[in-house]
Structure formats: C-alpha cells, structure tokens
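> please find the sequence and the predicted model below.
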There are 2 protein chains.
Amino acid sequence: MSTDERWFPGHLKDLSVDECHERLAQHQVGRVAYCDEHGPVVVPVNYTWDEDGVLLRVSPHSTLARELASAQAAFQVDEFDTYTQSGWSVLVRGRAKYVDAADEPAAERLFPWPEGQRTLHVRIEGTEVTGRRIVPA
Amino acid sequence: MSTDERWFPGHLKDLSVDECHERLAQHQVGRVAYCDEHGPVVVPVNYTWDEDGVLLRVSPHSTLARELASAQAAFQVDEFDTYTQSGWSVLVRGRAKYVDAADEPAAERLFPWPEGQRTLHVRIEGTEVTGRRIVPA
C-alpha cells in the first residue's frame, strides 16, 4: 500500500470496563500469555469468561500447565478489520491458578477445541481489565 | 454450546518454518508482547515482515518504546474460524531493538493505523519462529 492509498490515521479510544467485559463474554478464542526465562510467550486458547475472570482448560502435562501453576499471566482478545483499519482489543492481567471444576459453574460450557485430556482448569483472575479501540478518522 | 452440539475435537499440527514465514508475510496485524514487573503484556499492532523479522512503528514517548528498547519480546499472529473450530497461530520470539528506518527497505511499506508521531522503528528479530494449526477432526 502506498502513502496515497492508505486511510487517514485512526483514533485510539479507551474502552470502559463494562465494554471490556461484554467483549470478553461474547468471544470464544483469546490468547494467554506468560513469561519464561526467554521472555513472553503467547498461545491461543478457547475460553469462557465470568465475573471471576477467564477460565481455560489445559492438559496437566503441558508447558502451559507448568507455566500457569501460579504466575502472573495475561489474556487478550481482539478483532480487526484490515479494510477500514479499525478494531478493538481487551487485555486481562492477573494471577493464574489451578481451580477445581466442581467449584466453577462456567466449566460446564467450556470444551477445548483440540483433542487430548485437557482436564486441568486454570483461572486467570480479572483484577486488571483494560481495552482500546481504533476507529477510522 | 452443549456437549451434543460441539464438534469432535480437532487435531493440532505444527507448521513448518516456511509456512510460518508465509503467514507472517500475508498479514498486517499481530500482537507484540513484553514482560514487565507484573508479568506479560500483549498489544495489537500493524507490522511488516521480512527476512530479518518483524518491523513495527511506535511513538518514541510510549510505554511500548520504553519496554522494547532492548528486551526479549514476542510477536504473534493468528486466524480462527469459530464455526469449524479451526485456525492457526504463529509465534516469533526474539530480541527487540530500535533500528534506523533508512537501513530498512521494509519501512517504506509500514504505516501505523493509529494517528500520532510513531516515528520510532522497532525490529523484533525472527530468531525463533514456530506455528501450529488446529484442523477439524
């Protein structure tokens, strides 16, 4: 795309916490992030959201299970339109921890997309939720 | 979605490095990640890709500029279809560093979506590139 072809730059606007929660509730796939000794790692996962935060199911023998045992984590969802160069994103930052599915009503609607014994439920607490959108000029 | 309504679980397959590079070259928006004292942060950005890695433009006064001055970073792109529960993702892990736009031919095709003086060019080296896709059962 040449300089002439591109849109005028868009405006960035913060989303309210309610708008962030709404988007988290409407979506099925996001990205969980953690930090290891070589920096950040970002992995897509399907999830459910409720008032306690993000709920994931992972394999108990996976790297993800090991890294999310008790760590600062993040969870991100977004949506973009490359034609209008617009979109939004929401970021949840909080501690990850294992939870018992029996204590989690949201677990009833959570089915991992990939095959395998993804029996471990991980919660990322929604203590800090922020979001932005970019609207066309 | 109830247990009866969902698809059979999909298969995860690794992407080859060439397949990862192809997807990075075809896309315009991804997510840059860094680690601060409270864990990982994931921020969507538009970008270009060439054989040296990912190239971004950020504001020199931004948090992103400060965090990517010389740090381990990651860059992620993906695409999903929630109906067939399929998709793919690619993760680039490497050092972030400031570069001079004059030395970067790829800078000529990089125009940030948001407004503002995003005059600082940041490179994330593509030293480690991995990807996976999930295909329906």
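Perfect, thanks for sending it.
> what's the weakest-modelled helix or strand in chain A?
Ranked by mean pLDDT, DSSP states H and E, the helix or strand of chain A with the weakest confidence is strand A:11-14, at a mean of 92.
> what lines up beside that one in the sheet?
Strand A:11-14 sits in its sheet next to strand A:128-135 (antiparallel), going by DSSP bridges.
> quick one: low-confidence parts of chain A?
Residue ranges of chain A with pLDDT under 70: A:1-7.
> can you give me the helices for it?
A:17-26, A:63-67 (DSSP state H).
> from the contact counts, what lies against the first one?
For helix A:17-26, the contact count by 3 or more Cβ pairs under 8 Å, 6 or more residues apart in numbering or on different chains; DSSP states H and E identifies strand A:48-50, strand A:86-99, strand A:128-135 as packing neighbours. (C-beta placed from N, C-alpha, C; glycine too.)
> any chance of the helices of chain A in a markdown table, plus mean neighbour count?
Putting these into a markdown table (neighbours: other Cβ atoms under 10 Å in any protein chain shown) gives the following:
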| stretch | mean neighbour count |
| --- | --- |
| helix A:17-26 | 16 |
| helix A:63-67 | 17 |
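> okay, those helices in CSV with distance to A:L55 next?
As requested, the helices of chain A are exported to CSV (distance: least, Cβ to Cβ, whole Å):
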stretch, distance to A:L55
helix A:17-26, 11
helix A:63-67, 14
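> so which of the ones you listed is nearest A:F75?
Closest to A:F75 of the helices of chain A, according to Cβ to Cβ: helix A:17-26, at 8.4 Å.
> got the CA coordinates for that closest one in PDB?
Output in PDB follows, covering the C-alpha atoms of helix A:17-26 (Å, rounded to 0.1, in the frame of the first residue of the first chain):
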ATOM      1  CA  VAL A  17     -14.600  -1.800  32.000                       C
ATOM      2  CA  ASP A  18     -18.200  -2.800  31.100                       C
ATOM      3  CA  GLU A  19     -17.300  -2.700  27.300                       C
ATOM      4  CA  CYS A  20     -14.300  -4.900  28.000                       C
ATOM      5  CA  HIS A  21     -16.400  -7.400  30.000                       C
ATOM      6  CA  GLU A  22     -19.000  -7.500  27.300                       C
ATOM      7  CA  ARG A  23     -16.400  -8.300  24.600                       C
ATOM      8  CA  LEU A  24     -14.800 -11.000  26.800                       C
ATOM      9  CA  ALA A  25     -18.200 -12.600  27.300                       C
ATOM     10  CA  GLN A  26     -19.000 -12.600  23.600                       C
END
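> circling back: can you redo the helices and strands packed on helix A:17-26 as TSV with distance to A:R23?
Below are the helices and strands packed on helix A:17-26 laid out as TSV (distance: least, Cβ to Cβ, whole Å):
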stretch	distance to A:R23
strand A:48-50	9
strand A:86-99	5
strand A:128-135	7
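> dump those strands into JSON lines; add mean neighbour count as well.
Below are those laid out as JSON lines (neighbours: other Cβ under 10 Å):
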{"stretch": "strand A:48-50", "mean neighbour count": "20"}
{"stretch": "strand A:86-99", "mean neighbour count": "20"}
{"stretch": "strand A:128-135", "mean neighbour count": "18"}
